[in-house]
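Peer 1: Okay, here's the prediction I keep looking at, along with the sequence it came from:
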Number of protein chains: 2
Amino acid sequence: MIVLGIDPGTANTGYGVVKGEGLGLVSLVECGVIRTRPRDPLSARLSEIYEGVAELLARHRPDAMSVEDVFYAKNVRTTVVLGHARGVVLLAGEQARVTIHEIPPAEIKKAVVGTGAATKEQVQFMLTRLLRLKSVPQPSDAADGVAAALACLMAARAPSLSTPRPRAAHR
Amino acid sequence: MIVLGIDPGTANTGYGVVKGEGLGLVSLVECGVIRTRPRDPLSARLSEIYEGVAELLARHRPDAMSVEDVFYAKNVRTTVVLGHARGVVLLAGEQARVTIHEIPPAEIKKAVVGTGAATKEQVQFMLTRLLRLKSVPQPSDAADGVAAALACLMAARAPSLSTPRPRAAHR
């Protein structure tokens, strides 16, 4: 089972492709960041994010796409613009007809570390251990994408750990 | 000059196509609503909005697209989900290489009625008068789409009235 994990953002959209290989083994196929230029108009940046995610879906043909589900409001405008990025990511997934899981940050932490209150460092530590990597994936947005993919894979194995909502409807 | 105005929403995305015919005359070409099913997953609804806007752009080949720019926070979750809808609308515009104007609600009111504090009824009254319609476009989401298109057209004629930001960059 191959999962594409996405951490959407208008500046940096992190992604990770993780493969479940049976016997509980998981391995990292690829990770990175889709970067957009701050001076470009929002529509152009959204187009780059959309094209980037569509390219990853076409190349890896994952069984599922796992997208971090963020609905906080530290800065409302930032959060709303983030919604724009998530919108085009979900659209790319829908068009590729891949199963989409939207997982809140706390569920990702719970699935990877065992507690929803885990720190970023704890998530990165577990992620590096589980995937048998020599170092933490860089930059941190890429690591967040990997964590989203990993959480989806772990949750698929131990449904009690987490409850990703497949293609959940929002009002 | 033909302008496609869009009032994005996950349930109902209103739209209006307005044509400037010289001598200050403006006329309504078409208006309506792209409806999505509340029970469908968000990704499917975003796909319908995207396809609907792309179809309008292909059919009318407007000179500009005017999108209501909403960043309020009455209900943060609703506002963020609205951001998803705006994201796929802007993507459709970018892919059609149309000039995109994002106009805040107050600017739309100012351009159509003359004051940013105008009520919805005042906007609908002026819109009906300016376009020489027998009645207000229904449903109200369609009227909001028409108002966005009209505001863009009026602002292009009298730049001092309003300042739509063409393809504005957001962080």
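Peer 2: Happy to help now that I have it.

Peer 1: Only the buried residues of stretch A:51-60, if you could.
Peer 2: By neighbour count, with 16 or more other Cβ atoms under 10 Å in any protein chain shown as the criterion, the buried positions of stretch A:51-60 are A:Gly52, A:Val53, A:Ala54, A:Leu56, A:Leu57, A:His60. Every C-beta, even on glycine, is put in place using the N, C-alpha and C of the backbone.

Peer 1: Could you do stretch A:144-162 as well?
Peer 2: A:144-156, A:162.

Peer 1: go on, stretch A:12-26?
Peer 2: Of the residues in stretch A:12-26, those with enough neighbours to count as buried (16+ other Cβ under 10 Å) are A:Asn12, A:Thr13, A:Gly14, A:Tyr15, A:Gly16, A:Val17, A:Val18, A:Lys19, A:Gly20, A:Val26.

Peer 1: Please apply the same query to stretch A:121-139.
Peer 2: Buried residues in stretch A:121-139, counting neighbours by 16+ other Cβ under 10 Å, are found at A:Val123, A:Gln124, A:Met126, A:Leu127, A:Thr128, A:Leu130, A:Leu131, A:Leu133, A:Val136, A:Pro137.

Peer 1: Shouldn't the last one be within a helix?
Peer 2: No. Residue state for A:Pro137 (DSSP: H, G, I helix; E, B strand; the rest coil) corresponds to coil; a helix is not indicated.

Peer 1: Please identify the helix or strand for the nearest residue to it once chain neighbours are set aside.
Peer 2: Computed as Cβ to Cβ, 6 or more residues apart in numbering or on different chains, the closest residue to A:Pro137 that is not its neighbour in sequence is A:Ala143, at 4.4 Å. Assigned by DSSP states H and E, A:Ala143 falls within helix A:140-157.

Peer 1: Would you mind extracting the C-alpha trace of that helix into PDB?
Peer 2: Backbone C-alpha positions of helix A:140-157 (Å, rounded to 0.1, in the frame of the first residue of the first chain) are rendered in PDB as follows:
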ATOM      1  CA  SER A 140      10.000  20.400   8.300                       C
ATOM      2  CA  ASP A 141       7.100  20.700   5.800                       C
ATOM      3  CA  ALA A 142       8.400  17.600   4.000                       C
ATOM      4  CA  ALA A 143       8.500  15.800   7.400                       C
ATOM      5  CA  ASP A 144       4.900  16.900   8.000                       C
ATOM      6  CA  GLY A 145       3.900  15.400   4.700                       C
ATOM      7  CA  VAL A 146       5.600  12.200   5.600                       C
ATOM      8  CA  ALA A 147       3.900  12.100   9.000                       C
ATOM      9  CA  ALA A 148       0.500  12.500   7.300                       C
ATOM     10  CA  ALA A 149       1.200   9.600   5.000                       C
ATOM     11  CA  LEU A 150       2.600   7.500   7.900                       C
ATOM     12  CA  ALA A 151      -0.400   8.200  10.100                       C
ATOM     13  CA  CYS A 152      -2.800   7.100   7.300                       C
ATOM     14  CA  LEU A 153      -0.800   3.900   6.900                       C
ATOM     15  CA  MET A 154      -0.600   3.200  10.600                       C
ATOM     16  CA  ALA A 155      -4.300   3.900  11.100                       C
ATOM     17  CA  ALA A 156      -5.200   1.500   8.200                       C
ATOM     18  CA  ARG A 157      -3.300  -1.200  10.200                       C
END
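
Peer 1: How far does that helix sit from its chain's centre?
Peer 2: In this view, helix A:140-157 has its centroid 6 Å away from the chain centroid, taken as Cα atoms, centre = their mean, to the nearest Å.

Peer 1: try stretch A:121-139
Peer 2: The chain centroid and the centroid of stretch A:121-139 are separated by 15 Å under Cα atoms, centre = their mean.

Peer 1: so how far is A:Leu91 from A:Arg59?
Peer 2: With distances taken as Cβ to Cβ, to the nearest Å, A:Arg59 is found 18 Å from A:Leu91.

Peer 1: wait, A:Leu46
Peer 2: In terms of Cβ to Cβ, A:Leu46 sits 10 Å off from A:Leu91.

Peer 1: repeat for A:His101
Peer 2: Separation of A:His101 from A:Leu91 (Cβ to Cβ): 16 Å.

Peer 1: and the residue of chain A nearest chain B?
Peer 2: In chain A, the residue that lies nearest chain B is A:Gly83 (2.4 Å; Cβ to the nearest Cβ).

Peer 1: before we move on, what SS does the nearest residue to that residue once chain neighbours are set aside have?
Peer 2: Across the structure, with Cβ to Cβ, 6+ apart as the measure, the residue nearest A:Gly83 apart from its sequence neighbours is B:Gly83 (2.4 Å). Assigned state for B:Gly83: helix (three-state reduction, three-state DSSP).
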